[in-house]
Structures are given as C-alpha cells and as structure tokens.
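K.L.:
Pasted the sequence and its predicted model underneath.
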Amino acid sequence: MSSSNYDSSIPRPELTEAGFVAPSEQDILSGALADMNAALGGQANLALNTPQGQLAVSLTAILGDVYASILGVFNGMDPAANSGRMQEAIGRIYFLTRRPATATIVDAQLTTTGGGQTIAAGTSVAIDRNGNIYAPSSDIVLPSAPGQVNISLTCQTLGAIICPVGALTLYQAGLGITSLTNNEVGLTGLEAESRAEFETRREQSVSANSIGQNAAILGAILSQSDVDDAFVVDNPAGHESEVKGVTLAPYSLYVVVQGGVDANIARAIIAHKSPGCAMQGGISVQVKDENTAYHGNNPVYTVNFDRVQAVPLYISVKLARPSILVPQDAPERAIKALMNHLTNSETRPRIGATIYASRLATVVNALGDWAEVLDLSLGTDADVGKSSLTLPINQVLAPDASKITVTIEG
C-alpha cells in the first residue's frame, strides 16, 4: 500500500501471491482523465486531442513503462523465465557464468622441412576456404628431420565455423612447413550460450554438490564455462561391458568431454567420483588431493578421461517438384536451413543423443509450400540410408554443408 496522503483515481499495482499485478493501461488512462477532470473543476473536455487529454495519455505511457520494467525485474528472479543479465545474476549464485562462443578445433597434418623450428602459440598457420585463420593454442616444436607431423589448430574466429576435410591450406611461408591439410573434419565450435542452454546447465550444476554420483561429476564438468559438452557413465558389472557403444572395464568410470582444460576437468572428476573407482580414457592427468588434512603429504592420483572425436555427418535430401514454382536456389536454401539447425546451440547434435531424419525433414519442409521432402536419409559416409543415427559416446556428429546433397525429383 502507498504511504501517500494524496488520493488518485488511477488504480494501484498490487503484489499478490501470484506475483506483481499491474493495472491495464486502459484503466490507468481512465483514472488519469478522472484526475485531470477533478483538477480542472469537473467540467473539463476529456477528449484525447485536448491538452489535458494529451497529459493523461503521457502519464499513462510513463506508468505503463514503469510497471512493465518492474514486472521484468520480478520475472528476472524466476529461473524459468529470466534471460540476459538477470539470468546471469541467478547463475552467479551457483558460481556459473554464461559460456562464451568457443572455437572450432581441427587436427592438421604437416609436411615439415626439418630444422626443429618452434611455432609460437597464436601464430597464423593455416587458412580455410572461407578465409578463417587457424593457429596453435600452445607452442609447437617441429622435428629436426623432414617428415609428417600432426598438430591441433584452433580457429581464430569464435563460433560455429565449419571446417570440412581438406579445407585447410598453409597460410604463410617461413615456418618450416612445406604443406598442410586436414584429413578429418574439425570439431565445430559453438555460439555463445543461449538462455535455454544456460538454464539447463544451471539446473545440472545442482548435482555437482553431491559426491559419488555420475550426475555430480557431469554437473561439475558442465559448470565450467569453456566446456561445450560432456557425458559420464560407469560399468557396475564385474566384467567388461559395452555401454553406449564403448567397451568399459569392470567397475570403471568413463568420462568423455568436448572443450575445456584437461587439468580443470580432471580436478572435477577426482572431487566427485567415488573412492576406489577405476577410470579409463586416452587423456591422463596427475591431480593432487588438496585436502589440508594431509598436512602437506597429499596423495597424487592419475585421472583418465577421453576427448570426443568428430565424425562427419552426411545427409541426402530428395524434394518433390510441386505445382507451384520452386526457387532456383532451393537446394542452397535447404542446405542453409539444415546447417542452421545443426549448429544452433539448442538443436546441435549432442554426445550420446540420437539424430532423426524425420526431425531434419521438418526443418526443410518449414521453408515454404514449395518444400516437400520425399526422403531424407543420414549416414557417417557417402553411403547414406539411415533414418536415425546414434554414435558411441566417444564420438559426436560434425555437420558439414559439403556433405549435404539436395535433389529435386519430378
């Protein structure tokens, strides 16, 4: 309730059990006109094109904007409805920050001249077909003898930059490299974290407060802002078992991660896994238990986990030729729509998830009445023909526009 001694015909907003409730702008306007009439002696012309009418309309607009802003603040306190800065404020309670856009990472094959040159981190080494520059994220020492070397390069443009097979070439001379290419598709980066993704990660992070559960490990890893995706699973059996397409040793824990820093991931695993649980994976990191109860004699553990491997996604689309006019660039439109869907932060292929051809068909059909999908099939090579794809959890599908073919029949 207002503490003001003044009365007004303009209805007040209320804070109820249902939340903040503001009067409608029509009711505000009616009250403002009544106040104007009373102030002018009770016989004023209340037409909106009069000076008093214009003042009432302006007051209504001002109050309407204020009440809308107050309602936005109240909604911003609800994780189910907030966004932007208010969502980030809620995230800070959980020690989370919005994940920024990440870079595409690709393994490149070099032919070196020999001489043992050092390529400093950040040196522009490769360029793709679209002019994006790629550089190593750490110093690389080339061998002293000529030969072949594999290195990891990071795209210097953040976001969902597609790097298909053979897209890279040598950017500059004088580095001790005679030629460069990539025989595998790059692991595509991500755009900045969306509202829905940030809320999902906040919800998952609650599990990170526990110990000994797979969800606790997963939540702790996903809470790191530079981690794009992760999957945690274990084999509780006393014998080897295939779990989600990966063979796991008895009583072992398996963690696969996309993005992030090895040391931070390893610390998250050791902090939340059960004691005595075996781990497997191609990445090994030494982690010291930092508990002060050891008084300086802290044990060191070897933590193992895996990095997800990118697998190219092939898509074949067959469109009908309806009676209406089909745009000349219909194939290009279909490919662009599919790529937008597959690289969007909310609809991109995730670790362990199944991608369905029928869902991709709806993306193409939504382009207009001219777009009628007769058939859409998927594959991990040019021999497409699957209606769905589920990869082992140590792999993730990498969309590539050059791997999408669109034909119009009829």
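P.N.:
Cool, got the structure.

K.L.:
The helix or strand hosting residue 36: how far from the chain's middle?
P.N.:
Element membership of residue 36 [criterion: DSSP states H and E] is helix 25-39. Between the centre of helix 25-39 and the centre of its host chain there is 49 Å, according to Cα atoms, centre = their mean, to the nearest Å.

K.L.:
Over to stretch 55-66?
P.N.:
Centre to centre, stretch against its chain (Cα atoms, centre = their mean), the figure for stretch 55-66 is 40 Å.

K.L.:
That one - what's its average pLDDT?
P.N.:
Stretch 55-66 shows an average pLDDT of 94 in the prediction.

K.L.:
again with stretch 120-131
P.N.:
The average pLDDT for stretch 120-131 rounds to 94.

K.L.:
what's the span of that stretch from first residue to last?
P.N.:
Start-to-end span of stretch 120-131 (Cα to Cα, to the nearest Å) is 21 Å.

K.L.:
who's in contact with that stretch?
P.N.:
Surrounding stretch 120-131, the residues in contact under the criterion Cβ atoms under 8 Å, 6 or more residues apart in numbering are 108, 119, 133-139, 151, 153, 155-156, 161, 163, 167-172, 175, 177, 180, 182. Placement of C-beta: from N, CA and C, glycine included.

K.L.:
picking that back up, would you mark the buried spots in the helix holding residue 36?
P.N.:
Of the residues in helix 25-39, those with enough neighbours to count as buried (16 or more other Cβ atoms under 10 Å) are 25, 28, 29, 30, 31, 32, 33, 35, 36, 37.

K.L.:
quick one: contacts for the second one?
P.N.:
Contacts of residue 28 were listed using Cβ under 8 Å, 6+ apart, and they are 10, 11, 59, 60, 63, 64.

K.L.:
And the pLDDT for residue 91?
P.N.:
83.

K.L.:
where does it fall, helix, sheet strand or coil?
P.N.:
Classification of residue 91 into helix, strand or coil gives helix, according to DSSP: H, G, I helix; E, B strand; the rest coil.

K.L.:
Neighbours of it, how many?
P.N.:
Burial of residue 91 is recorded as 22 neighbouring residues (other Cβ atoms under 10 Å).

K.L.:
measure it to residue 253 for me?
P.N.:
For residue 91, the distance to residue 253 equals 28 Å [Cβ to Cβ, to the nearest Å].

K.L.:
all strands in the stretch 151-300 of the chain, in order from the N-terminus.
P.N.:
With DSSP state E, counting those that start in this stretch as the criterion, the stretch 151-300 of the chain has strands at 169-170, 177-181, 227-235, 241-243, 246-248, 252-259, 278-280, 283-288, 300-307.

K.L.:
what about the shortest one, average pLDDT?
P.N.:
The one in question is strand 169-170. 94.

K.L.:
can you check the second one too?
P.N.:
Here strand 177-181 scores 92 as its mean pLDDT.

K.L.:
tell me which residues in it are buried?
P.N.:
Along strand 177-181, these residues count as buried under the neighbour rule (16+ other Cβ under 10 Å): 177, 180.

K.L.:
Name the surrounding residues that touch that strand.
P.N.:
For strand 177-181, the external contacting residues (Cβ under 8 Å, 6+ apart) are 108-113, 125-126, 142, 166, 168-170.

K.L.:
With neighbour count and distance to residue 68 as added columns, please give those in CSV.
P.N.:
Formatted as CSV, these follow (neighbours: other Cβ atoms under 10 Å; distance: Cβ to Cβ, whole Å):
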residue, neighbour count, distance to residue 68
108, 24, 52
109, 15, 57
110, 25, 58
111, 14, 63
112, 21, 63
113, 14, 66
125, 23, 51
126, 26, 50
142, 21, 61
166, 14, 53
168, 26, 50
169, 14, 53
170, 17, 56
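
K.L.:
next one: the lowest-mean-pLDDT helix or strand in the chain to chain centre, how far?
P.N.:
Averaged element by element with mean pLDDT, DSSP states H and E, the chain has its least confident helix or strand at helix 195-205 (a mean of 80). For helix 195-205, the separation from the chain centroid amounts to 10 Å (computed by Cα atoms, centre = their mean).

K.L.:
helices or strands next to it in the packing?
P.N.:
Here helix 195-205 touches helix 84-93, helix 214-222, going by 3 or more Cβ pairs under 8 Å, 6 or more residues apart in numbering; DSSP states H and E.
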